[in-house]
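*Asks:* fold the following.
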Amino acid sequence: MLLLNELIAVYNDLLCGANIKFLDNLISCFYCVQKDITVRSLSRYSEYSTRSFFRFLKRDVDWVSLRMALVSKFVLNSKDERVYVLALDETVEGKSRKSTYGMSRFFSSTLDKVITGVSFSAISLIDTKEAISYMLGVEQLIYTDKDRARISAQKEEKKEAKKTSSGWASEAKREATK
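*Replies:* Just a heads-up that it's a prediction; the model follows:
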C-alpha cells in the first residue's frame, strides 16, 4: 500500500495547502470506514463536518490532472516496456424518477433503444499486459435547451431530406414506366 506522504507529495504542485490538508484527512478517513462509504460515514472519522465535505467537493478541482499525476508517478514510471491504451466509454443508466439532475433520453446499446435516464462518459488508461484499467475522469452528459433545439433541427432536416429523396425516386419510377 502506498504511503500517505508519497501520495500527498504528488499533489503539492497541483493543489493549495488547505486542499492538501483536507485531502490528507479524507484519505485517512477512507482507511477507517469499514463498509458503506458515504460522506456522512467519512465525516464521523474526520475533523471536518459533512457540510465541509460537500464544500470541498463543490470546489473547482481538476480531478483528471490529479489522477493523471498519480498514474504517471506510480504506474507509468515502471522499468518494463508496457503498452497502454486510452479508452473513452459512454454508459447510460435508466432512471424512473423525474427529479434526477441531467435526466434526458439517451440511446442504450444494451437495450437497443432510446431510454430515459442519465449518461456518463469515462476515460481510462488500460494496461494491456496486466489487464488493469486506471480511471482518469468521468463526466455526466447533460443536454441543455440549446442542444435540444439543435437536435430537433437536425431531425427536421433529415425528415425534409428524406421527403425530397423519396419524392425524386417515385418521380424517376413514374418516368421509367411511361
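*Asks:* give me the residues contacting stretch 16-26.
*Replies:* 4, 8, 11-12, 15, 42, 46-48, 52-53, 56, 59, 61 (CB atoms under 8 Å, 6 or more residues apart in numbering). To be clear about C-beta, it is placed using only N, CA and C from the backbone, and glycine gets the same treatment.
*Asks:* repeat the analysis, applying 7 Å as the threshold.
*Replies:* Under the contact criterion CB atoms under 7 Å, 6 or more residues apart in numbering, stretch 16-26 has outside partners 4, 8, 11-12, 15, 42, 46-48, 56.
*Asks:* just the buried members of these?
*Replies:* Among the contacts of stretch 16-26, the ones that count as buried by 16 or more other CB atoms under 10 Å are 11, 15, 42, 46, 48, 56.
*Asks:* and the second one, what helix or strand is that in?
*Replies:* Under DSSP states H and E, no helix or strand contains residue 15.
*Asks:* please tell me how far it sits from residue 102.
*Replies:* 27 Å (CB to CB, to the nearest Å).
*Asks:* in the chain, which spans are helices?
*Replies:* Under the criterion DSSP state H, the chain carries helices at the ranges 4-11, 17-32, 39-44, 50-58, 63-74, 145-177.
*Asks:* which residues make contact with stretch 31-39 from outside it?
*Replies:* The contact list for stretch 31-39 (CB under 7 Å, 6+ apart) reads 30, 41-42, 45, 50, 53-54.
*Asks:* what remains of these if I keep only buried residues?
*Replies:* Buried members of the contacts of stretch 31-39, scored by 16+ other CB under 10 Å, are 41-42, 53.
*Asks:* please parse the protein into its domains.
*Replies:* What automatic domain parsing lists as the domains of the chain is 1-61, 83-163.
*Asks:* quick revisit: between the contacts of stretch 16-26, which sits nearest residue 145?
*Replies:* If you rank those by distance to residue 145 using CB to CB, residue 56 comes first, at 30.9 Å.
*Asks:* and the domains of the chain as JSON lines, adding mean pLDDT and distance to residue 67?
*Replies:* Converted to JSON lines, the domains of the chain look like this (pLDDT from 0 to 100; distance: least, CB to CB, whole Å):
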{"stretch": "domain 1-61", "mean pLDDT": "80", "distance to residue 67": "10"}
{"stretch": "domain 83-163", "mean pLDDT": "86", "distance to residue 67": "5"}
